[in-house]
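S.K.: got a predicted structure plus its sequence, pasted below:
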Amino acid sequence: YRVPITTVANPALMLNYNIFSSTWKMVRHAFENPGLIFPILGISWFWAIGATYLTQLPVFTKEIIGADEKVVTLFNGVFTIGIAFGSFFCPTAVKWMGRHARILPAIALFGVFAFGLDLCFIGHHAPTPMPNELVGLVDYLTASDHHLRLAIDLFMLAFCGGVFIVPLYTQLQTASDEHERARTIASNNVMNAFFIATSSLLAAVMFGYGFSVLQVLFVFALLNLPVIAVLAYSAYRKRVDS
């Protein structure tokens, strides 16, 4: 209801109904703008890592923790609320950091990395689940302090993800020309889908080579490091250029 009314920014735009050539042209045009490359890749990585955690949580809960589907529901809820709170907190963090807010995505993604490692650490030291006997929600919450720590890790991982994604979406919109903004967002969506599919394929290959779900999550946690380095470099270049 409160979304502002807008008009067509480019009425003369001719639509190309060949989805392959038009998609390629659209994505290539977006990547020709240096200000759009890093936010598109950062947002796409967010979707890739988020999809990985959400799809592997049921397996992690059953095979590593030995808990049932009610605990999976708890984890999904904690994850969702964490992203919402992180997104809500992001404007406050930007105000606190002032002119240093450019580095916020890199800091937030480091939080995703750190809490992802701690989640793997807890899973590695978890007792071997009893065969054919899954722990219920009440028993899970009262059995060990490590179980609460695991839920906190998931919340904080998602919280940092929410803080990470908001500045990138803002940058995506402000760095794109008004007449091309819709196509820029569409290009971003195409790359999001590509990253999600690629991360799923990578996880499938690792499972095919005998990796456990814990090892897969550990690898994806480590993959945050090069993305953090790229975001930190991008923030540094913006500070130098300004």
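M.R.: Sure thing, it's come through. Just so it is clear, the structure is predicted and the values come from calculations on it, not from any experiment.

S.K.: check what pLDDT the residue sitting furthest away from the middle of the chain gets.
M.R.: Each residue of the chain has a distance to the centre, and by Cα atoms, centre = their mean the biggest one is for residue 12: 36.1 Å. pLDDT for residue 12: 80.

S.K.: go ahead and confirm residue 122 touches residue 154.
M.R.: No. Judged on Cβ atoms under 8 Å, residue 122 makes no contact with residue 154 at a distance of 10.3 Å. Every C-beta, even on glycine, is put in place using the N, C-alpha and C of the backbone.

S.K.: give me the more crowded residue out of the two.
M.R.: residue 154 (23 against 18; other Cβ atoms under 10 Å).

S.K.: ok, then the element right after the lowest-mean-pLDDT helix or strand in the chain?
M.R.: Counting by mean pLDDT, DSSP states H and E, the chain has its least confident helix or strand at helix 137-143, which shows a mean of 79. Helices and strands here follow DSSP states H and E; after helix 137-143, the next one along the chain is helix 145-174.

S.K.: give the buried residues for that following helix.
M.R.: 147, 150-169, 171-172 (16 or more other Cβ atoms under 10 Å).

S.K.: how far does it sit from its chain's centre?
M.R.: 8 Å (Cα atoms, centre = their mean, to the nearest Å).

S.K.: ok, stretch 103-114 next?
M.R.: So, by Cα atoms, centre = their mean, the centroid of stretch 103-114 is 11 Å from its chain's centroid.

S.K.: which residues are contacting that stretch?
M.R.: Contact with stretch 103-114 is made by 42, 49, 86, 90, 93-94, 97, 156-157, 159-161, 163-164, 167-168, 221-222, 224-225, 227-228, 231-232, 235, as judged by Cβ atoms under 8 Å, 6 or more residues apart in numbering.

S.K.: for that stretch, what does the pLDDT average out to?
M.R.: For stretch 103-114, mean pLDDT rounds to 93.

S.K.: buried stuff in that stretch?
M.R.: Buried, per 16+ other Cβ under 10 Å, within stretch 103-114: 103, 104, 105, 106, 107, 108, 109, 110, 111, 112, 113, 114.

S.K.: for these, which one is nearest residue 38?
M.R.: Nearest to residue 38 among the buried residues of stretch 103-114 is residue 105, at 8.7 Å by Cβ to Cβ.

S.K.: how far away from the center of its chain is stretch 24-37?
M.R.: 21 Å.

S.K.: still on that earlier bit, want to throw the buried residues of stretch 103-114 into TSV with distance to residue 191?
M.R.: Below are those laid out as TSV (distance: Cβ to Cβ, whole Å):
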residue	distance to residue 191
103	23
104	21
105	16
106	20
107	23
108	20
109	17
110	23
111	23
112	19
113	21
114	26
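
S.K.: and the helices in the chain?
M.R.: Assigned by DSSP state H, the chain shows helices spanning 19-31, 34-60, 69-97, 104-125, 137-143, 145-174, 181-208, 213-222, 224-241.

S.K.: can you tell which of those helices is closest to residue 6?
M.R.: Among the helices of the chain, helix 181-208 sits nearest to residue 6 (Cβ to Cβ), with 9.8 Å.

S.K.: how about the residue positioned nearest the centre of the chain, what does it touch?
M.R.: Geometric centre of the chain, nearest residue: residue 46, 2.4 Å, by Cα atoms, centre = their mean. Going by Cβ under 8 Å, 6+ apart, residue 46 touches 161, 164, 165, 168.

S.K.: ok, of those residues, which one's closest to residue 199?
M.R.: residue 161 (14.3 Å).

S.K.: for that closest one, give its distance to residue 58.
M.R.: As judged by Cβ to Cβ, to the nearest Å, residue 161 and residue 58 stand 19 Å apart.

S.K.: returning to that earlier point: just the closest of the contacts of residue 46 to residue 17, please.
M.R.: The closest of the contacts of residue 46, once distances to residue 17 are taken by Cβ to Cβ, is residue 168, at 30.7 Å.
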